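>>> got a predicted model here, sequence first, then my questions.
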Amino acid sequence: MEAIRGSRRTALKNRIHATLATFGEPVPVSDLFGTAGRELLARLEIPGPWSTTLARSLDLVDGLDRRIGECEAELRAMGADHPYVPLLVTVPGIGPTLAYTIASEIGDIGWFPSPKHLHPRIQRDSLRRNRLDLDVLADEGTQA
């Protein structure tokens, strides 16, 4: 679910960047959604419907940021502070939520004599989950 929220947030941010590009507005800040970027967005004069879309998109981004933050806090409170998480978040594209998921899937890395032994387990578990998802979808399709 958090991945969906994260991808929706990315789509909204991309929409905001596209709106600025449509009107030829440069983005001279490194983070359009940080303090300086928000000040820039507040100063822009974008025509009617696009300014409404921009404002609503920003509101949705803020809401998703809050919800994702709440979920990450819940994970930490439930004891998801795992010793592998700090290393996993250094991988591009892996944030705290995905890092907690990966760490919980792996468990104790000491169980595996080598990385070659870890890879098949991840692959097998992923295939098993995908098969279960397909079975559930097939069952739902026959009941419709």
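Structure received.

>>> got any ranges where the chain has weak pLDDT?
Low-confidence segments of the chain (pLDDT under 70): 1-6, 78-81, 115, 117, 119-144.

>>> show me the helices in it, by range?
Along the chain, counting by DSSP state H, helices occupy 2-22, 35-43, 48-77, 85-88, 96-106, 115-143.

>>> relative to helix 2-22, how tilted is the longest one?
Here the directions of helix 48-77 and helix 2-22 differ by 150 degrees (axes from the mean of the first three to the mean of the last three Cα atoms, to 10 degrees).

>>> packing partners of helix 48-77?
Secondary-structure packing of helix 48-77 (3 or more Cβ pairs under 8 Å, 6 or more residues apart in numbering; DSSP states H and E): helix 2-22, helix 35-43, helix 96-106. Where you see a C-beta, it was placed from the backbone N, CA and C, and this is true even at glycine.

>>> redo that, cut-off 6 Å
helix 2-22, helix 96-106 (3 or more Cβ pairs under 6 Å, 6 or more residues apart in numbering; DSSP states H and E).

>>> between those helices, which one is closest to Tyr84.
Closest to Tyr84 of the helices and strands packed on helix 48-77 is helix 96-106 (Cβ to Cβ; 4.4 Å).

>>> now do that closest one and helix 2-22, the angle between them.
150 degrees.

>>> can you report how many residues lie near Gly37?
Neighbours of Gly37 under the rule other Cβ atoms under 10 Å: 16.
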